[in-house]
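>>> take this sequence and fold it.
(chains A and B)
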2 protein chains.
Amino acid sequence: MTNLSTSISLQTAHFASETTWNDVPDTIRHQGKRALVNFFACCLAGASAQAIGMMLAVAGTPGGARIVGRTATADAMTAAWVNAASANILDFDDTLPDTIAHPTAPVAAPLLALAETRTERPIPGRDLLMAAILGIELECRIGRALSIRHYRRGWHITSTCGGLGAALACGRLLELSPHQIVCAMGGAVAQAGGVVETLGTMSKSLGVGGAARAGLLSALMATRGMTGPSQPLEGRYGLFAVMGEDVEPHDVVADLGSRWELADLAYKPYPCGVVLNAVIDACLALRMDIADMTALASITVSGHPLLKERADRPGVGSGNLAQVSAQHAAAVVLRKGRAGPAEFSDAAVTDPDTRALAARVSVAIDEALPMGAARVTVLRANQSHERTVLEPLGSAGNPMTDLDLENKLRTQWANAGIKGSPDRLIDALWSLDTRDDAAELTRLIG
Amino acid sequence: MTNLSTSISLQTAHFASETTWNDVPDTIRHQGKRALVNFFACCLAGASAQAIGMMLAVAGTPGGARIVGRTATADAMTAAWVNAASANILDFDDTLPDTIAHPTAPVAAPLLALAETRTERPIPGRDLLMAAILGIELECRIGRALSIRHYRRGWHITSTCGGLGAALACGRLLELSPHQIVCAMGGAVAQAGGVVETLGTMSKSLGVGGAARAGLLSALMATRGMTGPSQPLEGRYGLFAVMGEDVEPHDVVADLGSRWELADLAYKPYPCGVVLNAVIDACLALRMDIADMTALASITVSGHPLLKERADRPGVGSGNLAQVSAQHAAAVVLRKGRAGPAEFSDAAVTDPDTRALAARVSVAIDEALPMGAARVTVLRANQSHERTVLEPLGSAGNPMTDLDLENKLRTQWANAGIKGSPDRLIDALWSLDTRDDAAELTRLIG
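Down below sits the predicted model:
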C-alpha cells in the first residue's frame, strides 16, 4: 500500500480508498467512535454561539441536512460548513497533541451531511465510521508531516489540514477511485487556508467551516471529473512547499496501516486552553477540601513557565480571553464547581463576584512542575489549602474515559435544551459499525 | 485618510468606506468601466467550460442571481463563486503586471450578485462602479505589498488577494463602517488560500471562485457583527506575516488616493500566456503578407530567453498546455487567423493539420529582443517572410483600446451564442455611473 514508486499523494489516496474494516485495529475502530461521541458533544455546545447563528442567517436555506443543536436544516454544503464550525468554535473538540490540530470537526460534519442527503440508498454506519477514521488519520498524518512549525508560522492547522481530511473522508464515502481522490485533494489544497491571527474572534469559524465545505465540494467535483495536480501535497508549489517548512513528505505514509495517529487523539474536559486543565482539576479538588468557599483571602496558581506565559491574564473582558486566563479559570471553578461553556462565556466574565475573586488570583512560576501540571494554593481564615495536579483529566496519562465522553455529551445535550434523552444517540454511536443508516445519527437529536 | 496613527488594515478600510466619486480621477473611473467590459467578455468566454458546469451541478440551486453566459440562476454566494471562476478560468482576464494578479474576477462577480439579490432598493450603477474600483485598487495594493515574491513562493495571488478585494468591495457596497470592513477583511484572511500547483487544472477555479465567495460571505457576516482580528493584514499572524516575505505593510496605503494601481491594469487580447502575445501579433501580420498559407516549409519563433524557457513546448496535448506553447500558438494563428478560446481548446490541439504545422515550428533565442517581443520567420516556396513585434497588443506600450475591449466582448458574446446584440450591455457599462440599477447589467445578457 505504501509503494514508493507512486507519489505520496497517490499513496495517501490509495490508503483512503482501499483500507478495509479488517485492516483497522479494534482500538482504532473504538477511537473513531469516541471521536464522534465527542464531536456531537462539541457541536451541541457550540451551536448556540452567536457566530453560528450569523452563518446560518447569511448562507442558510432549508435543505436535507440538519444543523446539530438547532432546529434548522440546510443543503449539504451549508450543513457541513456550519456543523464543523459549531464543533470547533469553543475549542472544546479533540486535539492531536504536538500539532495542536482539532481533526474531527471538519471531517465528521461533511460526512454527516453526505449521509443525510444521499437518498438513493442509506449509508451504513460502518461506512461513515470508516470514512471518518481514514479521513482523520490521514489529516493527522499530513499535519504531522507539516509539524508544529506550520502552526508556529501562523497557520491554523485545523483549517489548513481540515479541508484535506474532509476531501479524503468524503472521497472514501463516495467510493472515489484513488485517482479521483487525488483530484479531490487538489481541490482542497486549492482552497486551503486559515491563520492564527483570527483565533479568539468569530472569523476563525469561517476558516474551520470553510475547510469542511471545501473538502466536501472537492470530493463532489471529483466525482464529476474535476482535474487537479497529480501531487497536491508534495508538488513543487503544493501544500508542503507553500505552507510548510522542511517537510518530509514521506512522513505522511511512513508506517501507514501499522501505526495510527488516532491512537494519540486527546479529548478536552473543559472548553478552554489545555494549559488550564490542571488548574481546573486542582480547583475542583479544593472544593472537596474547603467547606465554605466564601471569604477566600488569596489564591496562587503555580506551574511551569509556559502556564504563566500563556495564561497569566488578569481582568479579561470576554469569554474568548477567559479561555486562556488562569485568574478567571481558578475563580470561576472555585465559585461554581463547574467548568463548562457557561463558565467561559461573556456573561461569566462580567459576573462581579467572579471578577472580585479573580482579582485575588496570582500566577507564579514553579520550575519543578512539568508542563501541563499545576498547583493551586488557597488561603482562607488563616488556613492554607493546596492541591497539585500532575496529570490533569484529558492528558495522555489521564485520558477521558468512554463514560467521561458520554457524560460530556449528556451535559451539552442538557445545556442545549434538547428534548428527550441522549441515550439513543449514544447507543447508536457506540454501535455505529452495526447500524443500517448513518443518517439516523442527526435524526436522534430531539 | 492615511493617518499613520491607525493600523494599516483600518486605513485600508477607511479608504474603502470614505472615498467619494469626486476623489476618483476621470481616468480611473474610466479604467473601472474598462475592467468591467473586459470582465463580461471573459465571463462569456469562460462560462461554457466543463469545470463551470460541474460547479453548478454540485452547488447550484436556482436563486436571484444570474450565471453570466448561462441560463442558470443561483443564490448570491453561488453566483459570486461561479461567475468569478468563469471570468478567470481561461486566464483571459485583466492582469496587474509585476504581481501577475488577475484582480477583477473575484471583485466584480460578488458585486453583481449583491446588486441582483438586494431587492429593498436598486443599487445605482455608480455605487457598484465605485465599489469595484476601490476593491480592485486595494486588492492590487495588498498584492503589490506582498510583491512578486508571494507568487514565486507558490501563492496564486488572484485567489489569495481576491478574497480581500471582494470583502473590501462588498463592504463598500453594503455601506459598512471602517470597523466592520476590518472585520470583513479578517473573514477573508481566515479563508485566504490558493496555490500555483493547481494552475492548468480545473481545481484552480475552486481557489478563484472561493475567493469571491469568501469575500462576499465575510462582508455579509460583518453586517451582522462578526468579529475579526484588528490587524488582519499586518498582525503577527496575519496575511503578510504568514503568506508574505519581507512585506512592508505601509506599501498598502502609501500615496493612497493620489497614485492608482488601476492605472497599470493590462488587458489580454488572447486567452494564453502573455509571453505569446508578440508571437500571435507577428503571425496575424504575416497572414497579411502571405497570400497562400499552405505548404509552409518552416516557422521560426525568436525571442528573449524567457520566451523559450516558458513556451518552447512541442507536441502539447491539452488546451491548457497549448496556452503556453509557442509551437501551437504560431501554427494555429497562421492557419486560422484568430487566437480566441476556440484556438486554445482541447479540440484545437488535436486538429491534425494544426499539429502537422506545429511540428514545423522551432523556438530560438535572440538576446537582442527585449522581454515580451518576438520575431516570426516563415519559409514558403523558397521565400522568407518575417515580422518582428516589439510591443504586442495588450502591453503597456500598446494597450487595448476601448474599441478593442468592446470587440473582445462582442466576439465572446457571439461565441457564447447569446441572443440579440451586446450593444445595450456595452452602453450600460460605459455609462454605468449614470444608471439607476446596477442589476440591469446581467439582465441585458440575452
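>>> flag every buried residue along stretch A:261-270.
Across stretch A:261-270, burial judged by 16 or more other CB atoms under 10 Å in any protein chain shown covers A:E261, A:L262, A:D264, A:L265, A:Y267, A:K268, A:P269, A:Y270. In this view, the C-beta of every residue, glycine as well, is placed from N, C-alpha and C.
>>> so which pair among those is furthest apart in space?
A:E261 and A:Y270 (23.5 Å; CB to CB).
>>> what ranges does the stretch 251-400 of chain A have for its strands?
A:296-303, A:361-365, A:374-380, A:383-389 (DSSP state E, counting those that start in this stretch).
>>> quick one: classify the residue most central in space within chain A as helix, strand or coil.
What sits nearest the mean C-alpha location of chain A, by CA atoms, centre = their mean, is A:D93, with 3.0 Å. Secondary structure, DSSP: H, G, I helix; E, B strand; the rest coil: A:D93 is coil.
>>> could you verify my assumption that it touches A:C42?
Yes. Using CB atoms under 8 Å, A:D93 is in contact with A:C42, at 4.4 Å.
>>> shared neighbours, these two?
Residues touching both A:D93 and A:C42 (CB atoms under 8 Å, 6 or more residues apart in numbering or on different chains): A:A87, A:A105.
>>> hmm, back to that, just the buried residues of stretch A:261-270 now: which is nearest B:M293?
Of those, the one sitting nearest to B:M293 (CB to CB) turns out to be A:E261, at 62.0 Å.
>>> so how far is chain B from that closest one?
Counting by CB to the nearest CB, to the nearest Å, the gap from A:E261 to chain B is 24 Å.
>>> do I have it right that that residue meets A:E137?
Yes. At 5.5 Å, A:E261 counts as touching A:E137 under the criterion of CB under 8 Å.
>>> for A:R287, which non-adjacent residue is closest in space?
By the measure of CB to CB, 6 or more residues apart in numbering or on different chains, the closest residue to A:R287 outside its immediate chain neighbours is A:G337, 5.3 Å from it.
>>> okay, and the helix or strand of chain A with the least pLDDT?
helix A:319-322 (a mean of 88; mean pLDDT, DSSP states H and E).
>>> quick one: the helices in the stretch 301-446 of chain A?
Under the criterion DSSP state H, counting those that start in this stretch, the stretch 301-446 of chain A contains helices at A:305-311, A:319-322, A:326-336, A:346-350, A:352-358, A:402-415, A:423-430, A:440-443.
>>> which helices and strands sit right next to the top helix by length along chain A?
Longest helix in chain A by number of residues, with DSSP state H as the criterion: helix A:125-152. Applying 3 or more CB pairs under 8 Å, 6 or more residues apart in numbering or on different chains; DSSP states H and E, one finds that helix A:125-152 contacts helix A:8-18, helix A:26-46, helix A:104-117, helix A:157-160, helix A:162-173, helix A:239-243.
>>> which of these sits most buried?
Compared across those, helix A:162-173 shows the largest average neighbour count, a mean of 33 (mean count of other CB atoms under 10 Å in any protein chain shown).
>>> tilt between it and helix A:104-117?
Angle, helix A:162-173 to helix A:104-117, by axes from the mean of the first three to the mean of the last three CA atoms, to 10 degrees: 40 degrees.
>>> let me know the pLDDT of the residue nearest to A:R287.
Listed pLDDT for A:G337 reads 95.
>>> quick check: it touching A:L284?
Yes. Assessed by CB under 8 Å, A:G337 is found in contact with A:L284 at 6.8 Å.
>>> of the two, who's got more company?
Higher neighbour count among A:G337 and A:L284: A:L284, with 20 against 13, using other CB atoms under 10 Å in any protein chain shown.
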